[in-house]
Structure formats: structure tokens, C-alpha cells
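> Need coordinates for the following:
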Amino acid sequence: MSRVAVVKDLEDRRRGLAKALGLIEDDILASLYGRPRILIKPNFVSAYSYLSATPVECVEEIVKLLLSLTNAKEVLVAETPTIGSFREAIKRFGYEMLKDTYGVELCDLDEYGFDEVEVVDSMGRSFTIPISKLVMDADFRVSAVRPKTHDVVVVTLTIKNIVVGSIKRESRHLIHQGYWQINYNIAKIATYVTPHLAVVDGFEAMEGDGPVNGRPKKWGVYFASTNPISLDSIVAYAMGFDVYDIGYLYILSLWGYGEINPDRIGLLGDPLKDIATIFKPHRRFREQLRWRDHIDTIMKLPRGIRASTS
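The predicted structure follows:
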């Protein structure tokens with residue numbers, strides 16, 4: 001059974017994150033074994049909007065734990081913002097201290113090589129899109145995010161973060177081919193870059209017209225798991241959404257990458273009833289559900305590769 005740590009702490013972000021990570025420390029250690037090259041992928045949609053970005057405190061708590069568990073050959077914090085530059089983002093969001101304090105490397109993904117992965121266009125026809133080799137080749141991938149609503153796929157959490165961030169910036173718009181197509185494309189690319197550790201920092205989240213123009217929502221809840229599909233499902237459920245409305249998670253579950261039914265996911269820490277809330281969805285939420293009309297078409301398409309997270 002997949003295990004997801006859930007911790008509520010309204011006052012201290014670092015304390016909440018450290019506790020959530022500590023609850024699954026054995027799972028992390030088992031997954032880390034024999035994986036010396038670590039890549040942590042935060043979320044910088046915009047280099048100018050703090051609320052759209054992963055707080056540096058979240059990534060620092062992850063770095064501290066991983067360095068205490070393993071003698072990693074390298075630890076990279078890697079991202080390319082969709083809006084603005086990587087250098088602007090790391091300076092604005094305080095990420096430079098990670099290099100100074102812990103010796104991690106700060107990497108702009110667009111400065112490294114890419115491999116081609118097949119996705120589909122608006123007519124369901126295959127074409128290729130460039131995906132970061134740095135992400136694909138990492139021994140141990142971490143996706144760390146702030147929970148946000150989304151303008152196309154309901155919510156953006158750890159899976160969508162690493163998928164879209166892995167695409168060469170100038171090509172990211174190409175996965176936006178329609179509601180069912182983008183959900184399929186996210187799921188397909190996820191099979192190449194699935195994280196080995198997923199962390200959600202919900203101290204302050206975003207609701208409404210996310211992922212950039214939404215409003216802040218104080219929540220004070222933190223999640224961690226070595227199965228990102230199950231983690232994203234629990235987070236979405238706790239945000240007040242029907243997990244089965246989130247196309248890319250549903251597709252990945254049908255492909256066997258993780259459990260999305262909250263009743264079948266093992267929870268550690270605080271019970272869901274104590275942390276559940278209601279996020280205001282994006283104004284186009286109802287339109288986003290149109291992907292469900294095409295599930296038969298989706299299930300006839302290639303599933304990609306199996307990216308092990310164990």
C-alpha cells in the first residue's frame with residue numbers, strides 16, 4: 001500500500017515539513033539506496049510571483065534530510081521558469097543560500113541537453129517534444145511544490161510540476177492541444193520523469209485562477225510520499241476535489257503507476273478529516289472536465305515507459 005505523510009501545522013512551516021518527511025524517512029532511505037545523483041525540482045512558474053513558486057524553506061528541509069541520509073555525489077536544484085529567467089527566480093526566491101550553505105548546484109534546465117518523447121497533437125497524432133536529459137537521467141528525483149489550482153487540468157501538484165518543468169521552455173505550449181490531449185501528454189511524459197520523492201508545502205496555497213493569478217489560501221498542511229501519484233491524489237482530495245476528475249492522475253492510475261483512491265492509500269500523521277478544506281476552483285473548472293468524454297481514445301494510445309520509483 002502506498003504511504004503518504006500528512007501533517008498539519010498552522011504556525012511553523014519548517015516544523016511541519018520536517019515532521020512529514022520524518023514520518024516516511026524509512027521509505028525515503030529505501031528508495032535512496034544506490035542512487036548517488038539527486039535532482040530536486042521546485043516550481044517556478046513565474047520568476048516574479050512568490051505565491052506561484054515553491055518556498056525555499058521547503059527545498060531546504062528536503063536537502064537537509066537527504067544529506068543526512070546519504071553521501072550523495074551531487075545534489076542539484078534544477079528548474080526553468082516559464083515566465084522570467086532562472087537567475088531572476090533563484091535571487092528573488094532566496095535560493096542562492098542553498099548553494100552557499102549546503103553546496104548544492106543550482107541548474108537552469110534549459111542549459112542542458114534534451115531527449116525527444118512522443119506526445120499527441122489536437123488530432124491525436126504523434127509528434128515529439130524535448131524533455132530534459134538532466135531530469136530523465138537523475139538517479140533520485142524530487143518534486144517539491146506549493147498546492148495550486150490550475151487553468152487547464154484542475155490542480156497542479158508534484159507530477160505536473162516535474163513534467164512541465166522538464167519540457168524545454170520554448171516547447172511547453174505544445175502539450176496544450178486540448179483538454180484530453182494535455183492530460184494524456186502529462187501522463188505520458190510522467191512515465192519518463194516520475195519523482196522518487198514528492199513533497200507538498202501547503203503552508204500557504206493558491207486557489208481560484210491559478211497557477212499564477214490565483215489568490216492566497218492559508219492552509220498549514222504538509223504532505224510527503226515516495227509515490228507521487230498517491231500523494232497528489234490525497235492532496236487533491238484534501239483540497240476538495242474529486243480525484244477522478246483530474247485526468248492525468250486517473251490515466252496514470254489506470255496504467256498502474258499508483259493508487260488514487262484515498263480509501264486505499266495508507267496515511268501517516270493527521271487524519272484527512274482534520275485537514276480537508278475547499279479550494280475555489282479555476283473559473284473554467286467545468287470545461288476542464290471534458291477530457292472524460294475521450295477516455296476510450298486515451299486508453300488506446302501508447303503508455304510510455306515504466307519509470308521506477310522504488
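> Show me what the helix or strand encompassing V142 packs onto, helices and strands only.
Applying DSSP states H and E as the criterion places V142 in strand 140-145. Applying 3 or more CB pairs under 8 Å, 6 or more residues apart in numbering; DSSP states H and E, one finds that strand 140-145 contacts strand 37-41, helix 56-69, helix 158-166, strand 197-207. (Glycine included, C-beta is placed from N, CA and C.)
> and E11, which of these is closest to it?
strand 197-207 (9.4 Å; CB to CB).
> And the closest one, what does it pack against?
So strand 197-207, by 3+ CB pairs under 8 Å, 6+ apart, packs with helix 13-23, helix 56-69, strand 140-145, strand 148-149, helix 158-166, strand 215-225, helix 228-238.
> what's the angle between it and strand 37-41?
Here the directions of strand 197-207 and strand 37-41 differ by 10 degrees (axes from the mean of the first three to the mean of the last three CA atoms, to 10 degrees).
> Format the CA atom coordinates belonging to strand 197-207 as PDB.
Provided in PDB are the C-alpha atoms of strand 197-207 (Å, rounded to 0.1, in the frame of the first residue of the first chain):
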ATOM      1  CA  LEU A 197      10.100  11.600  -3.600                       C
ATOM      2  CA  ALA A 198       7.200  14.100  -3.700                       C
ATOM      3  CA  VAL A 199       6.600  16.900  -1.200                       C
ATOM      4  CA  VAL A 200       3.800  19.500  -1.000                       C
ATOM      5  CA  ASP A 201       4.200  22.600   1.200                       C
ATOM      6  CA  GLY A 202       0.700  23.800   1.900                       C
ATOM      7  CA  PHE A 203       1.500  26.400   4.500                       C
ATOM      8  CA  GLU A 204       0.100  29.000   2.000                       C
ATOM      9  CA  ALA A 205      -1.500  27.700  -1.200                       C
ATOM     10  CA  MET A 206      -3.200  29.200  -4.200                       C
ATOM     11  CA  GLU A 207      -6.900  28.900  -5.200                       C
END
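> Can you list the buried residues in it?
By 16 or more other CB atoms under 10 Å, the buried positions in strand 197-207 come out as 197-207.
> Could you do stretch 211-224 as well?
211-212, 214, 217, 219-224.
> what about that stretch, distance to the chain center?
Relative to its parent chain, stretch 211-224 has a centroid offset of 14 Å by CA atoms, centre = their mean, to the nearest Å.
> repeat for stretch 161-174
13 Å.
> measure that stretch end to end?
16 Å (CA to CA, to the nearest Å).
> Now it: average pLDDT?
Mean per-residue pLDDT for stretch 161-174: 98.
> Now do the phi/psi pair for P281.
Taking degrees, to the nearest 10, you get phi -70, psi 170 for the backbone angles of P281.
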